[in-house]
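Visitor: test case, fold it:
(4 chains)
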Protein chains: 2
Amino acid sequence: MENVDPTARRPRGRPPGFDRELALDKAMRLFWDRGYEAASMDELTVAMGISPSSLYGAFGGKAQLYAQALDHYVAGPGAYVLPILAADLPTRTAFERLYETAAFELTRADQPRGCMVAATETQCSPAAEGVRAAVAERRLQAVRAYEDRLRRGIESGDLAADIDVGALARFLMTVQQGLSVQARDGASREELLAVGRTAMRAWPET
Amino acid sequence: MENVDPTARRPRGRPPGFDRELALDKAMRLFWDRGYEAASMDELTVAMGISPSSLYGAFGGKAQLYAQALDHYVAGPGAYVLPILAADLPTRTAFERLYETAAFELTRADQPRGCMVAATETQCSPAAEGVRAAVAERRLQAVRAYEDRLRRGIESGDLAADIDVGALARFLMTVQQGLSVQARDGASREELLAVGRTAMRAWPET
DNA sequence: CATTTTCCATAACGATCGTTCCGAATATCT
DNA sequence: AGATATTCGGAACGATCGTTATGGAAAATG
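Guide: Numbers count the residues shown, from 1 in each chain, chains lettered A, B, ... in the order given. You can find the predicted model right below:
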């Protein structure tokens, strides 16, 4: 934190007239709900409560705003994933909890449905290819995080050493992606929970 | 078939200068690759080899063209699903084969990657809400087809009568949707096959 | 209070969006 | 041949896209 001290030296000119974090949060929610291309600058500026010139001054442009909104998502509404993987739980329990939490988070009434990363930006115009690639990279990171967690499970002995870590991690991610589509299509929390429980039946015998 | 007879009576005016089915096929591939909104009329007319006026005359407009392209997909590249469900196979074998075939179809070099239905149009501008709803309805139909197949399995005795048909069907569909995202992200055929095999471990004991 | 610096609302930009209009082309029917 | 019917290519439409330029308001410093 900085600049919370009222006596702190402020820069020379007129101070910004909006809360940067709050504006970013509004942008995140619109991108999350609509996707990158379907969220227009007009809608963004209205949602954020700022003018185009302010948006460009503070964030750089639409693509850069999306990138920051994506970070804001991963650090905010999507931040539930890593702590569950990092927690001191049996490996199987960790993924059970991951799906339970996902079922809850993907269907919250106070948020757009689904995940901003899992199943978005799979199609786009050539102009948005950069954004698509950035989101796809996030998905790849998630698979790698799953793999790391599974390897840790093997090391700690609660997962057989001969399992195909890549295949299992990719399967677990596949279910997450499918859950996100289902959530966007209006599936209920209970339905997602049932899907997650069914998926966990694929867990390898120890 | 009709109008294959060369002596058949032609309608009054100038005959169309393009093959309607072929043009629809080209449109389908572009929509399949790009999604509805990211495929522009300009690109569509170029890909189809016709002018905007011909497109409107023959298909009605962009949204109607998409609807017909979606039918064309389901009757064409996406037609592999229903025969597998209808085939006289053990229920479990049917879904094993479905995933094997999906892994093959979703990664064909001569087609856009992924499925045109499974994980597309989950986000869009308000103007395209109708298209989004139409694709979502197709997804719902697929889940229902899975449920029907599972119920048939219970009747024929190769599936326990007390299983949660809805949950299992939805899980199977969830995996299909996730596979489509993976395919679009560049996953290999072998990786998708491995995911499918892993998913089938969730199959209930008989 | 004057000056300096920054912010921001508005308007305008060129490009592209989906759609429509119009004249020329090409067929059949009388 | 002339009238009629249908299609086609291309230009043009209004709307909206993301972005930038302009100019005045606001709040700091000196």
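
Visitor: element containing the nearest residue to A:T91 once chain neighbours are set aside?
Guide: Nearest non-adjacent residue to A:T91, counting by CB to CB, 6 or more residues apart in numbering or on different chains: A:G153, 3.1 Å away. Backbone N, C-alpha and C define where each C-beta goes, glycine included. Using DSSP states H and E, A:G153 maps to helix A:129-155.

Visitor: what about the residue nearest to A:T91, how many residues close to it?
Guide: A:G153 has 23 neighbouring residues, counting by other CB atoms under 10 Å in any protein chain shown.

Visitor: isn't A:L140 up against B:D185?
Guide: Yes. Using CB atoms under 8 Å, A:L140 is in contact with B:D185, at 7.4 Å.

Visitor: neighbour-wise, which of those two wins?
Guide: B:D185 (19 against 12).

Visitor: how much space between that one and DNA strand D?
Guide: Distance of B:D185 to DNA strand D, computed by CB to the nearest atom of the strand, to the nearest Å: 24 Å.

Visitor: what residue spans form the domains of chain A?
Guide: Residue ranges for each domain of chain A read A:20-74, A:78-200, as given by automatic domain parsing.

Visitor: for DNA strand C, find the nearest of those domains.
Guide: domain A:20-74 (2.7 Å; CB to the nearest atom of the strand).

Visitor: closest one to B:Q123 among the domains of chain A?
Guide: Each of those has some distance to B:Q123 by CB to CB; the shortest is domain A:20-74, at 3.4 Å.

Visitor: what about that closest one, near chain B?
Guide: Yes. Domain A:20-74 comes into contact with chain B (CB under 8 Å from any CB of the partner chain), by way of A:33-35, A:37-38, A:40.

Visitor: ok so, going back, wait, the residue nearest to A:T91 sits on A:L159?
Guide: Yes. A:G153 is in contact with A:L159 according to CB under 8 Å; the separation is 3.7 Å.

Visitor: tell me the residues that contact both of those two, please.
Guide: Common neighbours of A:G153 and A:L159 (criterion: CB atoms under 8 Å, 6 or more residues apart in numbering or on different chains): A:91-92.

Visitor: so what's the closest residue to A:K62 other than its chain neighbours up against?
Guide: Spatial nearest neighbour of A:K62, excluding adjacent residues (CB to CB, 6+ apart): A:M41 at 6.1 Å. Shown in contact with A:M41 (CB under 8 Å, 6+ apart): A:52, A:55, A:62.

Visitor: all strands for chain A, in order.
Guide: With DSSP state E, there are no strands along chain A.

Visitor: so where's it uncertain?
Guide: Scanning chain A for pLDDT under 70 picks out A:1-11.

Visitor: wondering if stretch A:172-182 reaches chain B at all.
Guide: Yes. Contact of stretch A:172-182 with chain B (CB under 8 Å from any CB) involves A:173-182.

Visitor: those in helices, which ones?
Guide: Assigned to helices by DSSP state H, the following of the residues of stretch A:172-182 next to chain B qualify: A:173-182.

Visitor: distance to DNA strand D added to those residues, as a markdown table?
Guide: Converted to a markdown table, these look like this (distance: CB to the nearest atom of the strand, whole Å):
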| residue | distance to DNA strand D |
| --- | --- |
| A:M173 | 30 |
| A:T174 | 31 |
| A:V175 | 32 |
| A:Q176 | 28 |
| A:Q177 | 25 |
| A:G178 | 29 |
| A:L179 | 28 |
| A:S180 | 23 |
| A:V181 | 24 |
| A:Q182 | 28 |
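
Visitor: quick one: buried ones out of those?
Guide: By neighbour count, with 16 or more other CB atoms under 10 Å in any protein chain shown, those hold A:173-182 as buried.

Visitor: what's the neighbour count on A:E137?
Guide: By other CB under 10 Å, 12 other residues sit near A:E137.

Visitor: again but with A:A87, I slipped
Guide: A:A87 has 10 nearby residues by other CB under 10 Å.

Visitor: so what's it up against?
Guide: So A:A87 contacts A:94, A:97 (CB under 8 Å, 6+ apart).

Visitor: identify the residues contacting the residue nearest to A:T91.
Guide: Contact analysis of A:G153 by CB under 8 Å, 6+ apart lists A:90-92, A:159.

Visitor: count of residues packed around A:E21?
Guide: Count around A:E21 with other CB under 10 Å applied: 9.

Visitor: got the contact list for it?
Guide: By CB under 8 Å, 6+ apart, A:E21 lies in contact with nothing.

Visitor: equivalent analysis for A:R132, please.
Guide: A:121-124.

Visitor: over to A:S156?
Guide: Each residue near A:S156 by CB under 8 Å, 6+ apart is listed here: A:T91.

Visitor: picking up where we left off before, is it possible to export the domains of chain A to CSV including distance to DNA strand C?
Guide: Compiled in CSV, the domains of chain A are given as follows (distance: least, CB to the nearest atom of the strand, whole Å):
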stretch, distance to DNA strand C
domain A:20-74, 3
domain A:78-200, 7
